[in-house]
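Peer 1: Using only what follows, build the 3D model:
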Amino acid sequence: MNKDIKPENKKGQPHGPWESYYYNGQLSTKGNYINDYRHGLWEWYHSNGKLYYKGNFINGNQDGPWERYNTNGKLEAKGNYTNGNPDGLWEWYDSNGNLHLKEYYI
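Peer 2: Numbers count the residues shown, from 1 in each chain. This next block holds a predicted model:
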């Protein structure tokens, strides 16, 4: 059974709340489109149901804080995007959750 929620506007573009699911029924992706552009908070999940990525879009561009998690739910990376580009401090963590790398983007 396909539980995907993928509404479209009159032009056939993605528009509105969007959800897609793995074959096992677990949520894969959820977010919102406005006239074919991702907009607002988006979340992606591992097939085991744990959060993989979460971050914000403005008119299709990554913008604001983003986080990435491993399959066990531990934080792997966090940082910020501005108009689709990494911006400022990004931190990367090892599988035990210890900070292992800092990167700065201008």
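Peer 1: tell me the pLDDT at residue 3?
Peer 2: On the pLDDT scale, residue 3 is placed at 83.
Peer 1: what number of residues lie near it?
Peer 2: Neighbourhood size, residue 3 [other Cβ atoms under 10 Å]: 9. Backbone N, C-alpha and C define where each C-beta goes, glycine included.
Peer 1: and it, what is it in contact with?
Peer 2: 19, 21, 25 (Cβ atoms under 8 Å, 6 or more residues apart in numbering).
Peer 1: What separation do you get for residue 34 and residue 58?
Peer 2: Per Cβ to Cβ, to the nearest Å, residue 34 is found 10 Å from residue 58.
Peer 1: If you could redo that for residue 106, that was the one I meant.
Peer 2: Plainly put, residue 106 is 20 Å away from residue 58 if you go by Cβ to Cβ.
Peer 1: These two: who's more crowded?
Peer 2: Comparing residue 106 with residue 58 by other Cβ under 10 Å, the one with more neighbours is residue 58, at 17 against 6.
Peer 1: Which residue is the nearest non-sequential neighbour of that one?
Peer 2: Of all residues not flanking residue 58 in the chain, residue 39 sits nearest, at 6.5 Å (Cβ to Cβ, 6 or more residues apart in numbering).
Peer 1: same check, this time on residue 96
Peer 2: Residue 96 sits nearest to residue 74 (Cβ to Cβ, 6+ apart), 7.8 Å away.
Peer 1: neighbours of the one you found, just the number please.
Peer 2: The number of residues packed near residue 74 is 13, by other Cβ under 10 Å.
Peer 1: Sketch out the low-pLDDT regions of the chain for me.
Peer 2: 1-2 (pLDDT under 70).
Peer 1: give me the element residue 100 is part of.
Peer 2: Element membership for residue 100 (DSSP states H and E) is strand 99-105.
Peer 1: quick one on the thing from earlier: what residues does the residue nearest to residue 58 make contact with?
Peer 2: Contacts for residue 39 (Cβ under 8 Å, 6+ apart) come out as 32, 33, 57, 58, 59, 60.
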